[in-house]
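Student: 3D model of this:
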Amino acid sequence: MQARKHANPFTGKAKLLAIISIVLTIAVSYSIFSYLENSSEQNVRNSIFEQQRQNQLKDTEALSRHVGTDLSLVADNLHGLANSIYIQQGDLYSNKTKGLAQETYNHLSNRIIDRLVIADKSGLETIGLAAKGQQSFAGTNISSRPWVKETMASKTFTFSNGFVGLDGKYRVAIGFPIRNLENGQYEGLVGALIPFESFLSQYGNIHNINSEYLTAYDKKATILATATSQSLIGKSFFGDYSQQFIKHNKVLTEFVRNLLSGTPGYAIYNYGDGEKLTTGYPIFADDKPVYFIRLITPTAGIYSHINDVLFNERLKMFSLIAGTTAAIAILIVFLIKWSSLNDKVKKSAKELSESNKQLKLANEQLKVHDKMQKEFINIASHEMKTPTQSILSYSELMQRHPERREEMVQAISRNASRLQRLTNDILDVTRIESQSLKLNKQRFILNDVISIIADDYRNQIRNSNVKILQEFNKKAEVEGQDQQIIQDNRFIVEADKERITQVISNILNNAVMFTKEGSISISIEKKDRQAIVIVKDTGEGIDSGVLPKLFTKFITRSEKGTGLGLFISKSIIESHGGKIWAENNTDGKGATFAFSLPLSEQQ
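Tutor: Down below sits the predicted model:
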């Protein structure tokens, strides 16, 4: 019997029908995917743009708060100078008063002001301090100047509108009246002049309109600084020149009008040089809006960023379309791939879901970054303001009570040291996050560095109930000394000696801070060509809520400091190719910190 032959289903009309089905299926698939892609991209576009708008508004608020803090700092210094002992005694001319004024000027002239003025009640400038190369107007009557008139008339703090100085620079002035604290009589004024363009340039771009830039106004809508055009500076925003420049753009005009009324907000406008997103916020000083700031971003840059985010999504979508098309073709041609196609569709859908999750995660991380940046500004501002105010207060008390000079000098020195430590920590964090932390490596004996640091801390806590024990240099034990020596090993490393000293000091300082009695032991071990430094204390241990994020920014168990020390220490150790870790001791008493460093090839 001959074997029965099976007919090929893909011949003739069947083949034609299969081809038509494939073409129609692919066409429909591309139409559906194109619709879904456009809809998804528009949603993502809107979401990211909205996130940018919210972030920019928060940045503008933080910027205005920072500028306001600097202006308040100037006002506080003028207040202190006006209430100083010599000026309160009516001395507006002597070298003693000029010396006090010079100290205030030196403190503020580095970043903020370029002139400081003292005038008597008739408006005669008795002392005038200016930057090198600029003219002093001491001996000149300045009562006709608008900011002086305003201060003399109101006899209170004044933040002036903008004006052009004799050198052509656009400035604002802060005036403070001198009142006799005993009888309340007006005796004169102290004032500081701020070149607003150079002052504002410290906070952002005021020269290049192709990237994010700043614009500022005074209370009369006079433009104090802008990157748009130098010809606009000193002009009223609502004046003919400015309005012609912006082609009478209603959106921008209404936005600035609302901003000057004290209402923060945002606007999207275009008067011919490209669409822009702007956000605005009042600058407060002495609890009043005194100036106004705008942050402007070309939307082309925002959309460019959005397109970069969407590019990978398009690639995945096109891959999905191609895969689906191939699956459909195979299904129709061979009539057996339904389950395989279903699996591919599910897999592609899962990949798309994962992509959406990653995009959502990226947005959440951006929110966390913004929150950390805001916390950083708040914490740093608070921590800097406390010692700064203390220094000013003690300085004033020292003038009033010279018999307590030694006590006041110690307090000022203590607060200055605290301010210096905070400044160094902030600079280190900035270098770490910008990847510009430089290491000056040299070969040195790790034991010797640790011994010196341990000795320093022993001297600091010699009257406490805590002992610091060294367990790495073998010497003869001396009765009465707080050390145990059990090893005779020299650990030579090639590293930045100053930075490693900083790490050890940070860890030992934490141990001393949280150990009220007992001991702190320091040992070094060798493992896999690594030196392991171990600091173990019998203190209160590490809180379980803090331990998982102990080496991140702003995490601290103490009310003192900003929680930057361990974050900086981790970055330093990892930049040397080592690791750092911490854990609570198994006996429930205290904690152990440890870090590793590669040993030098030549021991």
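
Student: Tell me which helix or strand in this protein has the weakest average pLDDT.
Tutor: Least confident helix or strand, the chain: helix 299-334 with a mean of 67, by mean pLDDT, DSSP states H and E.

Student: For the stretch 351-500 of the chain, which segments count as strands?
Tutor: All strands of the stretch 351-500 of the chain, identified by DSSP state E, counting those that start in this stretch, fall at 441-445, 465-470, 492-496.

Student: is it possible to export these to TSV including mean pLDDT, distance to Phe292 and mean neighbour count?
Tutor: Every residue, glycine included, has its C-beta placed from N, CA and C. Formatted as TSV, those follow (pLDDT from 0 to 100; distance: least, CB to CB, whole Å; neighbours: other CB atoms under 10 Å):
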stretch	mean pLDDT	distance to Phe292	mean neighbour count
strand 441-445	93	50	14
strand 465-470	91	55	18
strand 492-496	93	46	20
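
Student: Asp543: which of these is closest?
Tutor: Closest to Asp543 of the strands of the stretch 351-500 of the chain is strand 465-470 (CB to CB; 20.3 Å).

Student: Neighbouring strands - and their directions - for the closest one?
Tutor: Here strand 465-470 has these sheet partners by DSSP bridges: strand 517-527 (parallel).

Student: Now do the helices in this structure.
Tutor: Under the criterion DSSP state H, the chain contains helices at 12-82, 85-88, 95-109, 146-154, 196-200, 240-245, 250-260, 299-334, 338-400, 405-433, 446-460, 497-513, 565-575.

Student: shaky segments in the stretch 151-300 of the chain?
Tutor: Residue ranges of the stretch 151-300 of the chain with pLDDT under 70: none are present.

Student: swap the cut-off to 90 and go again
Tutor: 157, 164-170, 210, 272-274, 285-287, 299-300 (pLDDT under 90).

Student: do you know which of the strands of the stretch 351-500 of the chain lies nearest Asn258?
Tutor: Per CB to CB, nearest to Asn258 of these: strand 492-496, 52.8 Å.

Student: now the angle from the closest one to helix 565-575?
Tutor: 110 degrees (axes from the mean of the first three to the mean of the last three CA atoms, to 10 degrees).

Student: who does strand 492-496 touch, helix- and strand-wise?
Tutor: When contacts are defined as 3 or more CB pairs under 8 Å, 6 or more residues apart in numbering; DSSP states H and E, strand 492-496 packs onto strand 441-445, strand 591-598.

Student: So what's the gap between the shortest one and the chain middle?
Tutor: What it means is strand 441-445. Offset of strand 441-445 from its chain centre (CA atoms, centre = their mean, to the nearest Å): 33 Å.

Student: What is that strand packed up against?
Tutor: Judged by 3+ CB pairs under 8 Å, 6+ apart, the packing partners of strand 441-445 are strand 492-496.

Student: what sits up against the strand it packs on?
Tutor: Here strand 492-496 makes contact (CB atoms under 8 Å, 6 or more residues apart in numbering) with 439-446, 500, 531, 572, 576, 597-600, 602-603.

Student: try 10 Å this time
Tutor: 437-447, 449, 500, 502-503, 530-531, 572-573, 575-578, 597-603 (CB atoms under 10 Å, 6 or more residues apart in numbering).

Student: Show the buried residues in those.
Tutor: Among those, those scoring as buried are 437, 444, 446-447, 449, 500, 502-503, 530-531, 572-573, 575-576, 578, 597, 599-600 (criterion: 16 or more other CB atoms under 10 Å).

Student: still on that earlier bit, next, format the strands of the stretch 351-500 of the chain as CSV and append distance to Ser47.
Tutor: Formatted as CSV, those follow (distance: least, CB to CB, whole Å):
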stretch, distance to Ser47
strand 441-445, 47
strand 465-470, 55
strand 492-496, 44
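
Student: Would you tell me which of the ones you listed gets closest to Tyr217?
Tutor: Among those, strand 492-496 comes nearest to Tyr217, with 47.4 Å by CB to CB.

Student: angle of that closest one against strand 441-445?
Tutor: Going by the same axes, to 10 degrees, strand 492-496 makes 140 degrees with strand 441-445.

Student: for Gln410, what are its contacts?
Tutor: By CB under 10 Å, 6+ apart, the contact set of Gln410 is Tyr394.

Student: my bad, Val449
Tutor: Phe491, Val493, Ala495, Lys497, Glu498, Ile500, Thr501, Ile504, Val533.

Student: Tabulate those residues (JSON lines), appending distance to Ile461.
Tutor: JSON lines is the format used below for the contacts of Val449 (distance: CB to CB, whole Å):
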{"residue": "Phe491", "distance to Ile461": "25"}
{"residue": "Val493", "distance to Ile461": "27"}
{"residue": "Ala495", "distance to Ile461": "27"}
{"residue": "Lys497", "distance to Ile461": "24"}
{"residue": "Glu498", "distance to Ile461": "24"}
{"residue": "Ile500", "distance to Ile461": "22"}
{"residue": "Thr501", "distance to Ile461": "19"}
{"residue": "Ile504", "distance to Ile461": "16"}
{"residue": "Val533", "distance to Ile461": "20"}
